[in-house]
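Q: sequence and computational prediction follow.
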Amino acid sequence: MTTVIDGKAVAASVIETVKSATRTLETEAGVRAGLAVVIVGEDPASHAYVSAKSRMAKECGFLSVQHTLPKETSQEELAALVAELNADPSIHGILVQLPLPKHLQSEPIIQSILPEKDVDGLHVVNAGKVATGDLDGGLVSCTPAGAMVFVRRTHGDDLSGLNAVVIGRSNLFGKPMSALLLAANATVTTAHSRTKDLPAVCRNADILVAAVGRAEMVKADWVKPGALVIDVGINRVPAPERGEGKTKLVGDVAFEECARVASVITPVPGGVGPMTIAMLMANTIIAAYRKAGRKPPKF
Ligand SMILES: Nc1nc(=O)c2c([nH]1)NC[C@@H]1CN(c3ccc(C(=O)N[C@@H](CCC(=O)O)C(=O)O)cc3)C=[N+]21
């Protein structure tokens, strides 16, 4: 029987750990963890994600601050807000929701966040720590960190002898995911749009991670029998069967057919997505513990 991972349930268990760590930090050190989320513009999907993050931060017991800036905000104004949050001792984590409106450059903004407050794990200092295998010193990007929780719950901490294939090479996901799998001793292939015979490469994977951004691209005959399949894709597609003009979310994996071949698989929605938000909370409490000079919890 194939196991379908319940991402909401795993995320809830991460959130329970965060909540209790938040209480401990408050009672023993008198410190309340604080998360600031910055959003520029009116994109409804981005607002939905940001509300979910702010709501979860409150549920964790954090000081949760949301800055909503108008879409015509200048580069300088956004940079000034980040500088203010960097200097604010009540804020331990800063997240600038991406993508930013087209007239703004995200890279200089992200690199101006203090690495110790960069709960998205996108600062070069944090990316560099992941790349060099220093997983306890920095902050790990939330989506790969969440995917690794699924990997550890399936295979334990040591992936020696297992082949892992990550489809996708973005800084946000593919590169850190490959680095985390490698640090856990997997033999890792980072595949991408220029890879020759992608289905054949994927068929070698004991752990197959799809982050291509193409709806249901990974088919059953790409999956090694018994593999763990992690679907990082979020694609909104038309769903005429639900009524005229309706849409639904699907991943990068053709779920039904691949589930018949895999031994463990994550669904979309309800897989990696909820874990991304949970790991953001985990990173925030880790940042707050470090600031207070305490050893943070492990996730
Ligand atoms: N600076 C920054 N950091 C991010 O981490 C970041 C970002 N910008 N921009 C946008 C993406 C997207 N993202 C998601 C988080 C949760 C779900 C999630 O919980 N999804 C639900 C479904 C939600 C629905 O129904 O729409 C699920 O997969 O079950 C999805 C996507 C974080 N992102």
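A: Perfect, thanks for sending it.
Q: return the residues of the chain in contact with the ligand.
A: Taking Cβ under 6 Å from any ligand atom as the criterion, the chain approaches the ligand at residues 49, 95-98, 120, 142, 234, 249, 268-270, 273-274, 276-277. All C-beta spots, glycine's among them, are computed from the backbone N, C-alpha and C.
Q: what's the most distant pair in those residues?
A: The largest separation in those, counting by Cβ to Cβ, is between 96 and 270 at 26.4 Å.
Q: who touches stretch 235-242?
A: 213-216, 246-252 (Cβ atoms under 8 Å, 6 or more residues apart in numbering).
Q: try 7 Å
A: Stretch 235-242 is contacted by residues 215, 246-250 when judged by Cβ atoms under 7 Å, 6 or more residues apart in numbering.
Q: neighbour-wise, which of those leads?
A: Highest neighbour count within the contacts of stretch 235-242: residue 250, with 20 neighbours (other Cβ atoms under 10 Å).
Q: can you pull out the helices in the stretch 51-200 of the chain?
A: 75-87, 106-112, 124-131, 142-155, 174-183, 198-202 (DSSP state H, counting those that start in this stretch).
Q: ok, the helix or strand just after the last one: who's next to it in the sheet?
A: Just to be clear, that refers to helix 198-202. For helix 198-202, the following helix or strand on the C-terminal side (DSSP states H and E) is strand 207-210. Sheet pairing for strand 207-210, assigned by DSSP bridges, gives strand 163-167 (parallel), strand 228-231 (parallel).
Q: coming back round to it: select only the buried ones of the residues of the chain next to the ligand in PyMOL?
A: To isolate the buried ones among the residues of the chain next to the ligand in PyMOL, judged by 16 or more other Cβ atoms under 10 Å, type:
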select buried, resi 49+95+96+97+120+142+234+249+268+270+273+274+276+277
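Q: check contacts around the closest residue to the ligand within the stretch 101-250 of the chain.
A: Nearest residue of the stretch 101-250 of the chain to the ligand (Cβ to the nearest ligand atom) works out as residue 120 at 4.7 Å. By Cβ under 7 Å, 6+ apart, the contact list for residue 120 reads 95, 141-142.
Q: excluding sequence neighbours, find me the nearest residue to the closest residue to the ligand within the stretch 51-200 of the chain.
A: Scanning the stretch 51-200 of the chain for the residue nearest the ligand gives residue 98, at 3.8 Å (criterion: Cβ to the nearest ligand atom). Closest residue to residue 98 apart from its sequence neighbours, by Cβ to Cβ, 6 or more residues apart in numbering: residue 106 at 5.9 Å.
Q: also residue 283?
A: Among residues not flanking residue 283 along the chain, residue 119 sits closest, at 4.0 Å (Cβ to Cβ, 6+ apart).
Q: list the contacts for the one you found?
A: For residue 119, the contacting residues are 93-95, 139, 280, 283-284, 287, by Cβ under 7 Å, 6+ apart.
Q: do residue 56 as well
A: For residue 56, the contact set (Cβ under 7 Å, 6+ apart) comprises 277, 281.
Q: tell me the pLDDT of it.
A: We have a pLDDT of 97 for residue 56.
Q: now do it against residue 148, distance only.
A: Per Cβ to Cβ, to the nearest Å, residue 56 is found 20 Å from residue 148.
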